[in-house]
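Chemist: Pasted the sequence and its predicted model underneath.
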Amino acid sequence: MTTQKTLLAVALPMALFSASALADWSTTITGVSDYTFNGVSQTNNDPAIQGSLDYSFGESGMYAGTWASNVDFGDDTNIEWDAYFGRYAQLNDAFSVDYGLAYYSYHGQSNSSDGNYFEAYTKFGYASELGQTELNFWYSWDYFGTGAGHVISMVAHTIELAPNHALRASFDISNSLDGDKFAWDTDGKSYNHYRLAYQTSLAGFDIEVAGENTSLDIDTADERIVLSVGRTFSL
């Protein structure tokens, strides 16, 4: 299994975890032109079909869910199936926090599960007249089953261009804490990822067109345009 896998941080937008944003049960089906995570393709630059099932515990802000996608790492691993549990809290009119634990699992061949791992995350939000600002962190102590510590730090900002039209810019750094066990490339233990996304909705479908690039010199992490179309259903 390739070490190009990155964590699923944000397959789910921060707003999903608001207690007011979900019925008790919901499901989301999404089609993407390329499943990229932190700028690295998880499908060898090919499309993916993804789905989630989520449960909100109401005013407590607690939530739990599961998410799956097809993947292609150049071997017989073909499914990523994740689970997560966390809590979203609106601290005041401006500040929010979202924290929890996720588990990533891989399926398709006998040793696919060697890459399974846990990850803890914390996401801070700040809303102002200038838009929504995020400061997000993810940490794994056994990244991709290698025994290496791994940290991802992200800053992002979303502005509303017009009603139902938004622009989101983000920058994140992926950093291996143990290059002897896991390294991104021969130049070092970390890389940068840049992303600019236009977001809107039409006829109940959420649509995003994003341009992104990384500092990695591999064909699954170079500059690209990614189209995503999804729909969420209350159950």
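Modeler: Looks like it came in fine. Numbers count the residues shown, from 1 in each chain.

Chemist: what packs against the helix or strand bottoming out on mean pLDDT in the chain?
Modeler: Within the chain, no helix or strand scores below strand 36-37, which has a mean of 94 by mean pLDDT, DSSP states H and E. On a contact count with 3 or more CB pairs under 8 Å, 6 or more residues apart in numbering; DSSP states H and E, strand 36-37 meets no helix or strand. C-beta coordinates here come from the backbone N, C-alpha and C atoms, glycine included.

Chemist: can you do 10 Å?
Modeler: For strand 36-37, the packing partners by 3 or more CB pairs under 10 Å, 6 or more residues apart in numbering; DSSP states H and E come out as strand 190-202, strand 205-214, strand 224-234.

Chemist: Give me the residues contacting the helix or strand following that strand.
Modeler: Sequence order places strand 40-41 as the next helix or strand after strand 36-37, per DSSP states H and E. Contacts to strand 40-41, defined as CB atoms under 10 Å, 6 or more residues apart in numbering, come from residues 2, 4-6, 34-35, 48, 71-73, 174, 184, 191, 193, 212, 214, 216, 218-222, 224, 226.

Chemist: out of those, which are buried?
Modeler: When those are checked for burial by 16 or more other CB atoms under 10 Å, the buried set is 2, 4-6, 34-35, 48, 71-73, 174, 184, 191, 193, 212, 214, 216, 220-221, 224, 226.

Chemist: Which strand residues bridge the closest residue to residue 223 other than its chain neighbours?
Modeler: Setting aside the residues directly before and after it, residue 223 is nearest to residue 213 in space (CB to CB, 6 or more residues apart in numbering), at 4.1 Å. Beta-bridge partners of residue 213, counted by DSSP bridges, are residue 194.

Chemist: Make sure residue 213 is actually in contact with residue 226.
Modeler: No - checked against CB atoms under 10 Å, the pair residue 213 and residue 226 is beyond contact range at 11.3 Å.
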